[in-house]
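# Coordinates for the following, if possible.
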Amino acid sequence: MPKTNEAPQEHTFESAMAALEQIVSEMESDKMPLDRLIVAYDEGAKLVKVCQARLADAEKKIEIIQRRAGADPELKQFDPAAKEPAGKKDVSLF
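Numbering: from 1, shown residues only. Purely as a prediction, here's the structure:
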């Protein structure tokens, strides 16, 4: 796995996820020595924090957009299997 000099906070959500997926793939290969596994685990933990921070920032921005639109912010757990209640329309920002 090539190392970069890029600081973790300079990652976008997408680049951090891609790097994390690469680390996981390498760790699952069973060919990585224990010392490298520990280093990779540490790198992965840092990338997880970057992803969490990016998602938190996005959540705050969405909350601000909702407030500007006059809507009350409502945070709830995402359930991909849940269906929208009847009569509720999908609101697109674009």
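# For the closest residue to A19 other than its chain neighbours, pull up the helix or strand it's in.
Nearest non-adjacent residue to A19, counting by CB to CB, 6 or more residues apart in numbering: L47, 5.6 Å away. C-beta here means a position set from N, CA and C on the backbone, and glycine is covered the same way. If you go by DSSP states H and E, L47 is part of helix 34-68.
# what's around the residue nearest to A19, how many residues?
22 (other CB atoms under 10 Å).
# Next one: it from Y41, what distance?
11 Å (CB to CB, to the nearest Å).
# How about A81?
If you go by CB to CB, the gap between A81 and Y41 works out to 32 Å.
# Tell me which of these two has more neighbours.
Comparing A81 with Y41 by other CB under 10 Å, the one with more neighbours is Y41, at 12 against 4.
# how many other residues sit next to the residue lying closest to the more buried one once chain neighbours are set aside?
Spatially, and ignoring its direct neighbours in sequence, Y41 is nearest to M27 (7.4 Å; CB to CB, 6+ apart). M27: 16 surrounding residues under other CB under 10 Å.
# cool, V24 as well?
13.
# what's the answer for the one 5 residues further on, then?
A count of neighbours around S29, defined by other CB under 10 Å, yields 8.
# R36 now?
13.
# re the thing from before, measure the residue nearest to Y41 to K60 for me?
Going from M27 to K60 by CB to CB gives 32 Å.
# One more: Q22?
Taken as CB to CB, the span from Q22 to K60 is 28 Å.
# cool, E28 as well?
On the measure of CB to CB, E28 and K60 end up 34 Å apart.
# what's the answer for E10, then?
In terms of CB to CB, E10 sits 20 Å off from K60.
# Looking at A82 now. What's its pLDDT?
Looking at A82, its pLDDT reads 69.
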